[in-house]
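>>> Take a look and give me a structure for this.
(one chain, ligands or ions: 1)
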Amino acid sequence: MLLTITTTYQPATDLGYLLHKNPARLQSLEITGGQAHVFYPEATAERCTAALLLDLDPVGLVRGRGNGEGFALEQYVNDRPYVASSFLSVALSKAFGTAMNGTCKDRPALPAEALPLAVTVAVVSAPGPDWPRRLFEPLGYAVETEAYPLDPTQPEWGDSPYYTLRLRHDGLRLQDVLTHLYVLLPVLDNDKHYYVDQTEAEKLLHRGGDWLPQHPERGFITRRYLRYLAGIVNPTLARLMEGTEEELPEPVAPETNEPGALPLTPAAVAAEAPEPKLSLHDQRLQQVAHEIYQLAPKRVLDLGCGEGKLLRLLLRQPKIEFVRGMDVSHQALSRAAQRLHLDELSPRQRARIELIQGSLLYRDERLAGFDAAALVEVIEHLDENRLAALEAVVFAQARPAHVFVTTPNADYNQLFEKLNAGDFRHDDHRFEWTRAEFAAWATGVAERHGYQVRIEAMGDEVEGVGAPSQMAVFSL
Ligand code: SAH
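This next block holds a predicted model:
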């Protein structure tokens, strides 16, 4: 299986910086079932091609699966080593994960550049010759497929389901191309070499959230990506679509429009803002919401709920009976009430949510008796010397069974182009902690109050600096 990416952007060798892979070296990495090799068949200032070659071992694949009942030829003689599949997606994210996340340390402005790109994949398996076109053309690619006869000596047998795929785009960020391939190649192939569960849905929302909702084949893509698991496919499609309807118009709330400006339609907003991305913050909230769902709690607190983004996700989970959001800011609370359309809810839904004003620094009876509490990007808004008060309020007095605390990871800040060393990501942050500082605080809190704690990276990890954010999950 061979994938090549070619650019004629000048200087073309910038592709090496973008991919974080030096054009002068062959690099190999271990992946499940074999190896991936990255090399550059050509690297001049005019034209540069990076190649990703998968070398899968069919015998190794069988061994990995552990289905050793008897002997089935199909286990050993199959197309897995030759076809672009979920193995390729794993290899793409392993070899080019930093590029896929739009990070480039040496040339920080490069990931935002739209590049002329040509991609060749040899080979894809597809349900028919027009499917590659139906998946990639709506994303702006020129698509060509080359078919192969099942057996050149038996022309009457017709074509095989295998095609060489050639894509061209006049100007697209490399990050987008990698993401499209990552999602769509396994969709064409219609198989996954690993168990598919809710994590796979989160991956699809993360990687596809900003383009899939507008894609005419989003249903087909989502169903195949999630292996037709109706229990996962339907809620995922719903989340994809909800995101677009609700998120797009927000940046042009009437009060922020120019006086006299016409209200913008969602389509016009989409055209003006080419990247209505699932922001880092939205990803973070989805991760927290997902973790909370897993605990099947009945009563949940959102402390420092701000404008209620997490509250909205929590209310979507029907098993959660009651959610209380607290914030110190009246303004944030009234914005939350608006965004959640509290005054339009049915009495039954209205009874599930309450917004209260209060401070996390003062003991508050209203915080007692909850199964879970979230503090998403809140602690860094308090002076460090007030954290002991917050600790007493949350962990000694309120004592929810589970507490989720997220905060930026300061180790990651060096990757933010506009941030000078020592600066914080927001003016209102009083501190930002490294992974070691956060871990020390979280462990101390857990020990002092009898909680277990684990720490998770939030967002995609980059070698050496970790992920953009970090989360401590405390459990009694
Ligand atoms: N959790 C929200 C908002 C994060 S911004 C989200 O993820 O979208 C931090 C929030 O903490 C702000 O809304 C701010 O008003 C609130 N906050 C700051 N100090 C607080 C305190 N002492 N008690 C309660 N909320 C506080």
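>>> Select the longest helix from this structure.
helix 230-247 (DSSP state H).
>>> Can I get it in CSV, CA atoms only?
The C-alpha trace of helix 230-247 is given here as CSV (Å, rounded to 0.1, in the frame of the first residue of the first chain):
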residue,chain,number,x,y,z
ALA,A,230,-27.1,2.1,14.9
GLY,A,231,-26.7,2.8,18.6
ILE,A,232,-23.6,4.9,17.8
VAL,A,233,-24.3,6.1,14.2
ASN,A,234,-27.6,7.8,14.9
PRO,A,235,-26.5,9.9,17.9
THR,A,236,-23.3,10.8,16.1
LEU,A,237,-25.2,12.0,13.0
ALA,A,238,-27.5,14.0,15.3
ARG,A,239,-24.5,15.6,17.1
LEU,A,240,-22.8,16.4,13.8
MET,A,241,-25.9,18.2,12.5
GLU,A,242,-26.8,19.9,15.8
GLY,A,243,-23.4,21.4,15.9
THR,A,244,-23.8,23.1,12.6
GLU,A,245,-27.2,24.6,13.2
GLU,A,246,-26.4,25.9,16.6
GLU,A,247,-22.8,26.9,16.3
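>>> nearest residue to the residue in the chain positioned nearest to the ligand other than its sequence neighbours?
Nearest residue of the chain to the ligand: residue 306, at 2.7 Å (CB to the nearest ligand atom). In short, each C-beta sits where N, CA and C put it, glycine included. Nearest non-adjacent residue to residue 306, counting by CB to CB, 6 or more residues apart in numbering: residue 332, 5.0 Å away.
>>> For residue 404, see how far away the one you found is.
Distance from residue 332 to residue 404, counting by CB to CB, to the nearest Å: 19 Å.
>>> Just want to know which of the two has more residues nearby.
residue 404 (26 against 18; other CB atoms under 10 Å).
>>> What's opposite the more buried one in the beta bridge?
residue 374, residue 473 (DSSP bridges).
>>> got a list of what it touches?
Residues near residue 404 by CB atoms under 8 Å, 6 or more residues apart in numbering: 288, 291-292, 372-376, 471-474.
>>> In CSV, list these along with distance to residue 170.
Putting the contacts of residue 404 into CSV (distance: CB to CB, whole Å) gives the following:
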residue, distance to residue 170
288, 39
291, 41
292, 43
372, 48
373, 50
374, 44
375, 46
376, 40
471, 40
472, 46
473, 45
474, 50
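>>> quick one: which of those residues is most hemmed in?
The residue in the contacts of residue 404 with the most neighbours, by other CB under 10 Å, is residue 374 (28 neighbours).
>>> and the stretch 201-350 of the chain, which of its residues are near the ligand?
The interface of the stretch 201-350 of the chain toward the ligand, taken as CB under 6 Å from any ligand atom, is made up of 304-306, 309-310, 327-329, 332.
>>> Mark which of these are buried, thanks.
For those, a neighbour count by 16 or more other CB atoms under 10 Å gives the buried set as 304-306, 309-310, 327-328, 332.
>>> how about the contacts of residue 404 in TSV, adding distance to residue 445 and pLDDT?
TSV is the format used below for the contacts of residue 404 (distance: CB to CB, whole Å; pLDDT from 0 to 100):
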residue	distance to residue 445	pLDDT
288	18	93
291	18	91
292	19	93
372	16	97
373	13	98
374	15	98
375	12	98
376	17	96
471	14	96
472	8	97
473	12	96
474	7	97
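>>> Just give me the closest of these to residue 157.
residue 291 (51.4 Å; CB to CB).
>>> what's near enough to touch that closest one?
Going by CB under 8 Å, 6+ apart, the list of residues near residue 291 reads 404, 471, 473.
>>> Doesn't it belong to a helix?
Yes. Assessed by DSSP: H, G, I helix; E, B strand; the rest coil, residue 291 belongs to a helix.
>>> got the residue ranges for the helices in the stretch 351-476 of the chain?
387-391, 435-449 (DSSP state H, counting those that start in this stretch).
>>> re the thing from before, turn the buried ones among the residues of the stretch 201-350 of the chain next to the ligand into JSON lines, including secondary structure and pLDDT.
Formatted as JSON lines, those follow (DSSP: H, G, I helix; E, B strand; the rest coil; pLDDT from 0 to 100):
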{"residue": "304", "secondary structure": "coil", "pLDDT": "97"}
{"residue": "305", "secondary structure": "coil", "pLDDT": "97"}
{"residue": "306", "secondary structure": "coil", "pLDDT": "95"}
{"residue": "309", "secondary structure": "helix", "pLDDT": "93"}
{"residue": "310", "secondary structure": "helix", "pLDDT": "96"}
{"residue": "327", "secondary structure": "strand", "pLDDT": "96"}
{"residue": "328", "secondary structure": "coil", "pLDDT": "92"}
{"residue": "332", "secondary structure": "helix", "pLDDT": "92"}
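>>> Name the SS class of the most centrally placed residue in the chain, please.
By CA atoms, centre = their mean, the chain has its centre lying nearest to residue 206, at 2.6 Å. Classification of residue 206 using three-state DSSP returns helix.
>>> And for it, nearest residue in space, chain neighbours not counted?
Using CB to CB, 6+ apart, the closest residue to residue 206 is residue 283 (5.9 Å).
>>> That neighbour: which element?
Assigned by DSSP states H and E, residue 283 belongs to helix 280-294.
>>> now the angle between helix 280-294 and the longest helix of the chain, please.
Angle, helix 230-247 to helix 280-294, by axes from the mean of the first three to the mean of the last three CA atoms, to 10 degrees: 140 degrees.
>>> Can you tell me what sits against helix 230-247?
196-198, 200-201, 204-205, 208-209, 212-214, 218-219, 222-223, 226, 266, 276, 278, 282.
>>> Apply 7 Å and report the result again.
Outside helix 230-247, the residues within contact range by CB atoms under 7 Å, 6 or more residues apart in numbering are 198, 201, 204-205, 209, 212-213, 218-219, 222-223, 226, 276.
>>> how about low-confidence regions in the stretch 251-400 of the chain?
Along the stretch 251-400 of the chain, segments meeting pLDDT under 70 span 251-278.
>>> try 50 this time
Counting by pLDDT under 50, the stretch 251-400 of the chain contains low-confidence residues at 251-277.
>>> could you pull out the strands for it?
299-303, 322-327, 353-357, 372-376 (DSSP state E, counting those that start in this stretch).
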